[in-house]
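>>> Below: sequence and its predicted model.
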Amino acid sequence: MAGGSAGRSLEQTPTWAVAVVCFVLVSVSIIIEFIIHRIAKWLTKKRKRALYEALEKMKSELVLLGFISLLLTVGQSPISSICISKKAGATWHPCNKKEEAKLNRSENTDYENRRRLLSISGSAGESFRRVLAAGASTDKCAAMA
């Protein structure tokens, strides 16, 4: 799951807990598919061809979204270990440097009043990188810089 999580690994999780989670996920999926199938039958019976085609399109998009989610889950560790250079990271920003500096100043003024979910690494002269607070100590890309 998360890279710096302190929870149990899958090997240490009780089998019944894994089985219950899998059962719930499969049950919800079957129920949703059954509902979509019933709606499709009702739409064909009422001769609502455009709505039926829209439903089929929605169903295919949900399948594609599930497949992409599966790919991202399987490839989570290789994707998270990708590092880019500072030169490449300094380009393609949605804001220019002045707007970014202004935003950083406004974030620093009310930073003490918020929960610290993100850690900001970098000194005053460098560009800032945000890392999740749990994984702030293991920054693989900082060693390469």
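Arrived safely, thanks for sending.

>>> Excluding sequence neighbours, find me the nearest residue to I79.
Counting by Cβ to Cβ, 6 or more residues apart in numbering, L72 is the residue found nearest to I79 once chain neighbours are left out, at 7.3 Å. All C-beta spots, glycine's among them, are computed from the backbone N, C-alpha and C.

>>> so which strand or helix has A19?
Element membership for A19, per DSSP states H and E: helix 15-45.

>>> helices or strands up against that helix?
Identification of packing neighbours for helix 15-45 by 3 or more Cβ pairs under 8 Å, 6 or more residues apart in numbering; DSSP states H and E yields helix 49-74.

>>> so where is this protein shaky, pLDDT-wise?
1-7, 89-90, 92-95, 104, 106-140, 142-145 (pLDDT under 70).

>>> From S80, how far out is the residue nearest to I79?
According to Cβ to Cβ, to the nearest Å, L72 stands 11 Å off from S80.

>>> swap in E99?
28 Å.

>>> Next: A88.
17 Å.

>>> between those two, which one's more packed in?
S80 (12 against 9; other Cβ atoms under 10 Å).

>>> can you tell me how far that one sits from T73?
From S80 to T73 the distance is 12 Å (Cβ to Cβ).

>>> Report the buried residues of the helix holding A19.
By neighbour count on 16 or more other Cβ atoms under 10 Å, the buried set for helix 15-45 is L43.

>>> how far off helix 49-74 does that helix point, in degrees?
Here helix 15-45 runs at 160 degrees with respect to helix 49-74, directions being taken by axes from the mean of the first three to the mean of the last three Cα atoms, to 10 degrees.

>>> contact partners of stretch 16-36?
With Cβ atoms under 8 Å, 6 or more residues apart in numbering as the test, stretch 16-36 has contacts from L10, L55, K59.
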